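Undergrad: Need a 3D model of the following:
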Amino acid sequence: MFKTVLVGLISFFLISGLLIGIGHLFHIDMLTFTFYESSSTGFWAEGSIIPFIIGLISCYFIGNYYEKRKQGSTK
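TA: Prediction:
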């Protein structure tokens with residue numbers, strides 16, 4: 001169970017990071033996530049959460065695939 005969660009978390013961070021990196025590299029607004037600093041109010045963030053949603057969905061499918069593969073190899 002721990003390995004399944006670990007595989008899911010790693011896949012979430014890798015896929016989200018890869019999508020955000022692609023967004024910054026090619027200047028795609030739908031995939032960028034940036035921070036802007038302001039001295040009077042602290043800081044605020046602007047950007048799309050689409051990379052995180054895609055990462056979350058892919059994390060679910062990768063975790064299920066890993067769990068089924070693990071159960072299939074033990075039978």
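Undergrad: Distance of the most centrally placed residue in the chain relative to residue 26?
TA: In the chain, the residue lying closest to the centroid (Cα atoms, centre = their mean) is residue 16, at 2.9 Å. When Cβ to Cβ, to the nearest Å is the yardstick, residue 16 and residue 26 sit 16 Å from each other. The C-beta positions use only the backbone N, C-alpha and C, and glycine is treated the same way.
Undergrad: Could you report the separation of the residue nearest to the centre of the chain from residue 1?
TA: From residue 16 to residue 1 the distance is 23 Å (Cβ to Cβ).
Undergrad: on that earlier part again, would you confirm that the residue nearest to the centre of the chain contacts residue 52?
TA: Yes - contact criterion Cβ atoms under 8 Å: residue 16 and residue 52 qualify, at 5.4 Å.
Undergrad: which element is residue 46 on?
TA: Assessed by DSSP states H and E, residue 46 sits inside strand 42-47.
Undergrad: Show the average pLDDT along that strand.
TA: Strand 42-47 carries an average pLDDT of 73.
Undergrad: what ranges do the helices span in the protein?
TA: 2-26, 50-74 (DSSP state H).
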